[in-house]
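Asker: what's the 3D shape of this:
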Amino acid sequence: MKEITFEEAQQRIQEILQSIDSGNVSLSEVEVLLNEAQQLIDFSLEQLTTLENRLVEWDGNIGNDKNHEG
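Answerer: Numbers count the residues shown, from 1 in each chain. Got it, this is the predicted structure:
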């Protein structure tokens, strides 16, 4: 998969859902689209988890700085 942003992944997931919902795709196309959507969901979850970990670390660092202030 080419480098994409979180927002681009979300947009593509929406496009995939709309394509499937339209009923204008064959069963084999649905399988391909679902596989692509799963990859995009995994990518998005990884991005969110990374951000969450950074925020927790950042929050911990701020808490430690406050404790050292006196």
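
Asker: contacts and neighbour counts: CA atoms only from here.
Answerer: Noted.

Asker: from memory residue 9 sits against residue 40, does it?
Answerer: Yes. Between residue 9 and residue 40 there is a contact under Cα atoms under 8 Å: 5.7 Å.

Asker: State the distance from the residue nearest the centre of the chain to residue 57.
Answerer: Note on the chain: the residue nearest the mean C-alpha position is residue 44, at 1.2 Å, using Cα atoms, centre = their mean. Distance check for residue 44 against residue 57: by Cα to Cα, to the nearest Å, it reads 20 Å.

Asker: Tally up the residues packed near residue 32, please.
Answerer: 12 (other Cα atoms under 10 Å).

Asker: mind checking pLDDT for it?
Answerer: pLDDT recorded at residue 32 is 97.

Asker: cool, residue 14 as well?
Answerer: 98.

Asker: Check the one 10 residues further on too.
Answerer: Per-residue confidence for residue 24 comes out at a pLDDT of 94.

Asker: Report all helices and strands that the helix or strand bottoming out on mean pLDDT in the chain contacts.
Answerer: Least confident helix or strand of the chain, by mean pLDDT, DSSP states H and E, is helix 27-68 with a mean of 91. On a contact count with 3 or more Cα pairs under 8 Å, 6 or more residues apart in numbering; DSSP states H and E, helix 27-68 meets helix 6-22.

Asker: what about the helix it packs on, distance to the chain center?
Answerer: Distance, stretch centre to chain centre, for helix 6-22: 12 Å (Cα atoms, centre = their mean, to the nearest Å).

Asker: which helices and strands does that helix pack with?
Answerer: If you count contacts as 3+ Cα pairs under 8 Å, 6+ apart, helix 6-22 packs onto helix 27-68.
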